[in-house]
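Novice: Sequence and predicted structure are below.
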Amino acid sequence: MRLDHTTLSKFLTQELEGSADARNLAALLIDVASAVKAISVTTAKGGLAGILGSLETENIQGEVQKKLDILSNTEFVNTFSLGGLVAGIASEEMENPIAVEGNKRGPFLTLFDPLDGSSNIDVNVSVGSIFSVLRAPKDRAVVMADYLRPGREQIAAGYALYGPSTMFVLTVGKGTHGFTLDREAGDFILTHANIQVPADSSEFAINASNERFWEPPVLRYVSECKAGKTDVRGRDFNMRWIASMVADIHRILMRGGIFMYPKDNKDPSRPGRLRLMYEANPMGLVVEQAGGIASTGRGRILELAPELIHQRIPVIMGSRNEVERIERYHQEFDAGKDKSYSSPLFKERSLFQ
Ligand code: F6P
């Protein structure tokens, strides 16, 4: 064993020592990690385990469910319902949260996306799981309003990345820390303590096929990046899009950059693609705890008052100076100070604001 060998359990014991509440949270995070290990084993088997492909079913968002979406959901639900640490479980794959009652009830609520980036499963590209932890009410049944808390009230959040190696990245509000799965030992080992997102970056991530649906501030930002050295940015930019939020944000945590799934007019009933409660909020806390910013373009994601458990919102997160620049472009556009990208598509402000 190396002298600096810190397992996830040892880290959590040190980080969350003291109250019974803190010890319970450590135990819950160890439960999350154990579900992640099981999902990691299954994803690594790929076609050998018969887990590729879709089912006949759709989730509440109208998306076709993949076999691995359901297997991963079941893994988390079983872990949480038996662990004695949660009073309720909400998931992207379930229309309504599940209550955990009786002697299995615990002090927390968990919300998660069991398998993020599902379109990557069948092509053997990185996928992830995302989780968020809130406090449950003490002496009464859990109601929907208990889940619909602003992201700043999360007491822990994080993700697992099933890539060439499996990583578990988490925050309990004291920085963001990354652990790598040692498959032989079956332990997560601290490999990335106190991750810091560089404040500046020359890399952006966005699904450019949606360009015709974007709002002017995003068009402005991306076109300036693409114009590179000879234009206002004075330097060349690189673009990456993995189509798995976990993998894209992980790259940004490692080397900086900006991730955008902004507001667009593709489907006016949806003010964004990503889900607030189990995608944007947990990833937002992870990014903020690493010194980055998580914004809708018009405000801090973690301040939003949620209305629905499966609510979608615009997401712009990553390197501080780049996110601040895009927020400024939104302010200038909203104040009528930036006419340079007033595409006819966005003349009807009421439609898109
Ligand atoms: O549903 C979430 C998600 O899969 C994210 O992980 C990812 O960033 C995004 O959707 C990909 O969207 P698109 O298919 O439009 O590239």
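Specialist: That came through, no problem. Numbers count the residues shown, from 1 in each chain.
Novice: so what's residue 322 up against?
Specialist: 200-201, 204, 257-258 (Cβ atoms under 8 Å, 6 or more residues apart in numbering). For the C-beta atoms, the positions are set from N, CA and C on the backbone; glycine is no exception.
Novice: Report the two of those separated the most.
Specialist: 200 and 204 (12.4 Å; Cβ to Cβ).
Novice: what about the two, which has more around it?
Specialist: Ranked by neighbour count (other Cβ atoms under 10 Å), residue 200 and residue 204 place residue 204 first, with 24 against 10.
Novice: so who does that one touch?
Specialist: Residue 204 makes contact with 221-222, 225, 237-240, 257-258, 260, 322 under the criterion Cβ under 8 Å, 6+ apart.
Novice: measure the closest residue to it other than its chain neighbours to the ligand for me?
Specialist: Nearest non-adjacent residue to residue 204, counting by Cβ to Cβ, 6 or more residues apart in numbering: residue 258, 4.9 Å away. According to Cβ to the nearest ligand atom, to the nearest Å, residue 258 and the ligand sit 13 Å apart.
Novice: what about residue 258, how many neighbours?
Specialist: Counted with other Cβ under 10 Å, the neighbours of residue 258 add up to 28.
Novice: that older thread, name the nearest of the contacts of residue 204 relative to residue 158.
Specialist: The nearest member of the contacts of residue 204 to residue 158, counting by Cβ to Cβ, is residue 257 at 19.2 Å.
Novice: Phi and psi next, for the closest one.
Specialist: Backbone torsions of residue 257, given as degrees, to the nearest 10, read phi 140, psi -180.
Novice: Give the burial count for it, as a bare number.
Specialist: By other Cβ under 10 Å, 26 other residues sit near residue 257.
Novice: my read: it touches residue 240, true?
Specialist: Yes - using Cβ atoms under 8 Å as the test, residue 257 is close enough to residue 240 to be in contact (7.4 Å).
Novice: and the gap between the residue in the chain that the ligand sits nearest to and residue 124?
Specialist: Residue nearest to the ligand within the chain: residue 245 (3.4 Å; Cβ to the nearest ligand atom). From residue 245 across to residue 124, the span is 18 Å (Cβ to Cβ, to the nearest Å).
Novice: residues touching the residue lying closest to residue 83 once chain neighbours are set aside, list them.
Specialist: Of all residues not flanking residue 83 in the chain, residue 31 sits nearest, at 4.6 Å (Cβ to Cβ, 6+ apart). Residues near residue 31 by Cβ under 8 Å, 6+ apart: 79-80, 83, 85.
Novice: of the residues you listed, closest to residue 105?
Specialist: Nearest to residue 105 out of the contacts of residue 31 is residue 85 (Cβ to Cβ; 9.1 Å).
Novice: Can you report how many residues neighbour the closest one?
Specialist: Count around residue 85 with other Cβ under 10 Å applied: 25.
Novice: Give the closest residue to the residue of the chain closest to the ligand in space, chain neighbours not counted.
Specialist: residue 116 is the one closest to residue 245 (Cβ to Cβ, 6+ apart), at 5.6 Å.
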